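Enquirer: Here you go, sequence then predicted model.
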Amino acid sequence: MMGKEILHKMKVKAGLSSSTSDTTGKGKTKMSGKRITHGYHLVKGQSSHPMEDYVVAQFKHAGDSELGLFAIFDGHMGHDVPDYLRSHLFDNILHQPDFLTDTKSAIMKAYEITDSKILEKAKELGKGGSTAVTAILIDGLKLVVANVGDSRAVLCKNGLAKQLSIDHEPSQERETIEKKGGFVSKIPGDVPRVDGQLAVARAFGDRSLKVHLSSEPYVDEEIIDDEADFLILASDGLWKVMSNQEVVDAIKGIKDPQSAAKHLTEEALARKSKDDISCIVVKFD
């Protein structure tokens, strides 16, 4: 264990939500003189299968540092893989011995270890997979974001949207996929897919596609200074129907992060998003 948790810990298991339910919550703490608040909201999409989005939003101690841990895991072909990520990915990151001294390397190693464990447990976890976007706030000063797939992190700085993650789209990684013996389909009326199946080029799990699929994350670091207003993490159910700046503009005037996250899910629904929609908003005051 990395020390006791402070003030608030939330792990939301949304994978078993009914089609009529949603999940919401909030938390707060102080780090380095900053008041950090977060809120999240999840809404199930129109598909017949159970909710496949999972959220982590919690504050913890790690040695002498205070951490904010935030993540969205968007599963496909089942909710067991994103549920596993919710329970294990941050623990695997924090248990890396170089976590505080070389956070980027620790995250990349932990993503690799976690994916290997998921593939080892394929009989138990099934053939599905999950995207991931994780954000670790260290002492209220440094933000480290990592992602695989198309769940996205966007920072608002001085009112402007700054994307901190990369959408791993098959069309952009076609050459790498083809070198591994795979292909990217281009069927009219459909999005590009790895081997005609998966609409992202990187993901956890997906054992049947893994030979052509990467789980290596994109990692970015950002200093949280006085220009940083808030951070948004969301699954692609939001980003399919709203641009980064539209999302930022939609919640600039909403002080409470939980209300802001709920507003974004409602706006996505109003714009006819049919996917599961999950959103976390973290405010830096």
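Expert: Looks like it came in fine.
Enquirer: give me the low-pLDDT residue ranges for the stretch 1-150 of the chain?
Expert: 1-22, 48-49 (pLDDT under 70).
Enquirer: which residues of it fall in strands?
Expert: 5-12, 22-31, 34-43, 53-62, 65-76, 129-138, 142-148 (DSSP state E, counting those that start in this stretch).
Enquirer: cool, the stretch 151-285 of the chain as well?
Expert: Using DSSP E, counting those that start in this stretch, strands in the stretch 151-285 of the chain cover 152-157, 160-163, 184-185, 193-194, 204-205, 218-223, 228-234, 277-284.
Enquirer: Out of those strands, which is the most enclosed?
Expert: Highest mean neighbour count of the strands of the stretch 151-285 of the chain: strand 204-205, a mean of 30 (counted as mean count of other C-beta atoms under 10 Å). Quick note: C-beta positions are derived from backbone N, CA and C, even for glycine.
Enquirer: Could you list every helix and strand in contact with that one?
Expert: Judged by 3 or more C-beta pairs under 8 Å, 6 or more residues apart in numbering; DSSP states H and E, the packing partners of strand 204-205 are helix 80-94, helix 103-120, strand 129-138.
Enquirer: please redo it, this time with the cut-off set to 10 Å
Expert: Packing partners of strand 204-205 (3 or more C-beta pairs under 10 Å, 6 or more residues apart in numbering; DSSP states H and E): strand 65-76, helix 80-94, helix 103-120, helix 122-125, strand 129-138.
Enquirer: Could you list the paired strands of that strand along with their orientation?
Expert: Strand 204-205 pairs in its sheet with strand 129-138 (antiparallel), by DSSP bridges.
Enquirer: Out of the strands of the stretch 151-285 of the chain, the one nearest residue 144 is which?
Expert: The minimum distance between residue 144 and the strands of the stretch 151-285 of the chain falls on strand 218-223, with 5.2 Å, by C-beta to C-beta.
Enquirer: Show me the contact partners of the closest one.
Expert: With C-beta atoms under 10 Å, 6 or more residues apart in numbering as the test, strand 218-223 has contacts from 103-108, 111, 133-138, 141-148, 153, 155, 157, 162-168, 202, 228, 231.
Enquirer: Run the chain-centre distance for that strand.
Expert: In terms of C-alpha atoms, centre = their mean, to the nearest Å, the centre of strand 218-223 is found 14 Å from the chain centre.
Enquirer: Ok, stretch 204-223 next?
Expert: The chain centre lies 12 Å from the centre of stretch 204-223; the measure is C-alpha atoms, centre = their mean.
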